[in-house]
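>>> sequence first, then the predicted structure:
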Amino acid sequence: MMSRLPQTLLRPIQALGTGFIDLVYPPQCEICGGKLSAPAHLICDGCLQAVPLRGYEIHDFSVHGEVGLDGAWCLLDFEPTIQTLIHLLKYSRRPNVVLRICNFWRAEIVALLEKESFDLVAPIPLHTRKARERGYNQVTKLARWLGENLGIVSDAKLLKRNRYTATQTQLNAAERFANVDGVFDVTRDVTGKHILLVDDVLTTGSTANSCALTLKNSGAAGVKLLTLATPSRGGA
């Protein structure tokens, strides 16, 4: 009992300290700077409501060679608010931003995807070196959220990168294709499986398409993608 006493005393003190900090420095929305109802929210309801969920499906991809993707959904317009959110998600150690977005539009996202018969959901993987540099894979939480809310298996290790690649940001479509060609390996038996890949941004689709081709070459029956936003169709 004595060993638990310090912890028992510490918790209310920590809660008191957190409450005092929130009182003196109220948590602010990462977009507009307004006061948040809960620190974990990161973004206020007003800013999220200002960017409507689109949920449109994409079937044309700017990829070179064979197309492995059977389709993709883009949830949001790639406008300044969403660009800021994705930057927070990828580079500012705020992976929970994606959960805030998903929980805000939970009913709409579930309705968009529940008619599909997916067996697995998996994030586009980072190379282990890049994961160490960043500290996390920014779309793992999105894949896990989709698995939990759609009732399908989420497998963050379904795919792995077999070599480190340069960032795609400054590459054209042909260079993007070459950069990720043959980069991915499948770690599980996917024979006959329908798989939902998830990523944060879809530009040309080269990375996701490389994953899809790898999965299909390993026996997958179908591969689609869910992405938060896409510059090519979101006004940027």
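It's in.

>>> residue 112 and residue 72 touch, don't they?
No - applying C-beta atoms under 8 Å, one finds residue 112 not in contact with residue 72, separated by 11.9 Å. C-beta coordinates here come from the backbone N, C-alpha and C atoms, glycine included.

>>> higher neighbour count, these two?
Applying other C-beta atoms under 10 Å to residue 112 and residue 72 shows that residue 72 carries more neighbours, namely 25 against 18.

>>> tell me what the more buried one is bridged to.
Going by DSSP bridges, residue 72 is paired in beta bridges with residue 58, residue 225.

>>> where exactly do the strands run in this protein?
With DSSP state E as the criterion, the chain has strands at 53-58, 72-76, 120-123, 153-154, 159-161, 184-186, 194-201, 222-229.

>>> in TSV, list those strands along with mean pLDDT.
Supplementary listing: the strands of the chain in TSV, determined by pLDDT from 0 to 100:
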stretch	mean pLDDT
strand 53-58	86
strand 72-76	92
strand 120-123	97
strand 153-154	96
strand 159-161	90
strand 184-186	92
strand 194-201	94
strand 222-229	94
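
>>> adding distance to residue 42, write those strands out as CSV.
Output for the strands of the chain, formatted as CSV (distance: least, C-beta to C-beta, whole Å):
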stretch, distance to residue 42
strand 53-58, 18
strand 72-76, 16
strand 120-123, 20
strand 153-154, 22
strand 159-161, 28
strand 184-186, 31
strand 194-201, 16
strand 222-229, 15
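
>>> and those: which comes nearest residue 107?
Residue 107 lies closest to strand 53-58 among the strands of the chain, at 9.9 Å (C-beta to C-beta).
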